Every structure is written in C-alpha cells, then in structure tokens.
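Novice: The sequence and its predicted three-dimensional model are supplied below.
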Amino acid sequence: MTDTPSPLVRALLAHPVLAAPAYPPPDHGPTDPAELFTAWLLDALAAGAPDAQVLTLSTVDAEGRPDARVLVLRDVELPAAAWHFWTEPDSPKARQLAARPDAALTAYWPAQGRQVRLRGPVRPSPGCTTPSPALHCYALHAAQAEFWQASPDRHHLRRRHTRTAGGWTDTGWTDTRLPG
C-alpha cells in the first residue's frame, strides 16, 4: 500500500463534512417524537429542502442481511407515532416486512443539519388511503426515535426517545462532540 492517498481519498478529505450553517439550537418545541419530527419536516419543506419527504427504510432479508432503499413518506400519525408509506404487496420490502416486521426509517436534511432515526415494528395500515389498489399502506410504529442536530463547531446535539408502557422517555438534548 502506498503512502500517497488516491484521488478519491484526497477529494473526500478536502470535502466539507456536515457543513450545515449554524441553525438555531432546538431549545424549544415539542418533546413528543412524532410532533418534533413533524415540526422538523415542516421546517425543511418551508426552507425548500429538495425531497424533504424522502426517507430511507432499512429492513433485513430472510438471511438477516440488511437492505435499504429510499421511499416517500405519506403521513405521520401523531397520536400513534406512526410513519406511513406505500408499497406494492409483493415488493421485496413488503416480503421482508412480512417475514421480519421490525425496520428503521432515517431522514436527513443537510441544509438544516438535521437527522432523525426511527426504529420499530411495521404493520399494514388498512385505514390509509392510496391512489391505487395495487399499493398497500404500511406504518412504522416508532419504539425508538433519535433526533440529531449538527453544529459547525462539531458540538452536535442528540435527543433520544424510547416508548414505554406509560408514554415516552426522553434523554433531553445532549452534546455529542466529535473528536478532531
């Protein structure tokens, strides 16, 4: 192996990472994860973030190998903390969810320096309207939610929520300073 970095490595090292401008600290706002997610999504949409409603769904296949793809968020059901999306009932994601109904959703809005990670069971949502009978609605019912706010000084903030029988536990905002 050579000591000279490849052109790709040089380009990656020179490219700014998490270069979002300073965004107001998330001191205020909802503490319920579905409400906070909705507020952040509405902020991203109002700021003109491209594809702000596009999330990454991560599942596992029959052999336990991870699989991920982007999809369009169709609704957030606030009282249930359920994120809705559509798919064909015979699609690979539908088959994976039928076999192993736990999944993760990730949203990332670079201009706002915000990321949200959600994990929980996914179930068919028959009450959800789709534009075609060929599409079925599914909902991820969050059991865990993590909100992450970037900061130019690398004092990123993280807030974790875990669903309990009595509601949500919440860590509050914590500094996740990255080394370097």
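Specialist: Perfect, thanks for sending it.

Novice: Partner strands of the element among helices and strands of the chain having the smallest mean pLDDT, with direction?
Specialist: Least confident helix or strand of the chain, by mean pLDDT, DSSP states H and E, is strand 174-175 with a mean of 80. Partners of strand 174-175 in the sheet, by DSSP bridges, are strand 157-164 (antiparallel).

Novice: so which helix or strand takes in the most centrally placed residue in the chain?
Specialist: Centroid-nearest residue in the chain: residue 106, 2.1 Å away (criterion: C-alpha atoms, centre = their mean). In this assignment (DSSP states H and E), residue 106 forms part of strand 102-109.

Novice: What are the buried residues along that strand?
Specialist: For strand 102-109, a neighbour-count test (16 or more other C-beta atoms under 10 Å) marks 103-109 as buried. Backbone N, C-alpha and C define where each C-beta goes, glycine included.

Novice: swap in stretch 50-68?
Specialist: By neighbour count on 16+ other C-beta under 10 Å, the buried set for stretch 50-68 is 52, 55, 57-60.

Novice: ok so, going back, okay if I get the buried residues of strand 102-109 as JSON lines plus pLDDT and distance to residue 141?
Specialist: As requested, these are arranged in JSON lines below (pLDDT from 0 to 100; distance: C-beta to C-beta, whole Å):
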{"residue": "103", "pLDDT": "98", "distance to residue 141": "10"}
{"residue": "104", "pLDDT": "98", "distance to residue 141": "12"}
{"residue": "105", "pLDDT": "98", "distance to residue 141": "11"}
{"residue": "106", "pLDDT": "98", "distance to residue 141": "16"}
{"residue": "107", "pLDDT": "98", "distance to residue 141": "16"}
{"residue": "108", "pLDDT": "96", "distance to residue 141": "21"}
{"residue": "109", "pLDDT": "94", "distance to residue 141": "23"}
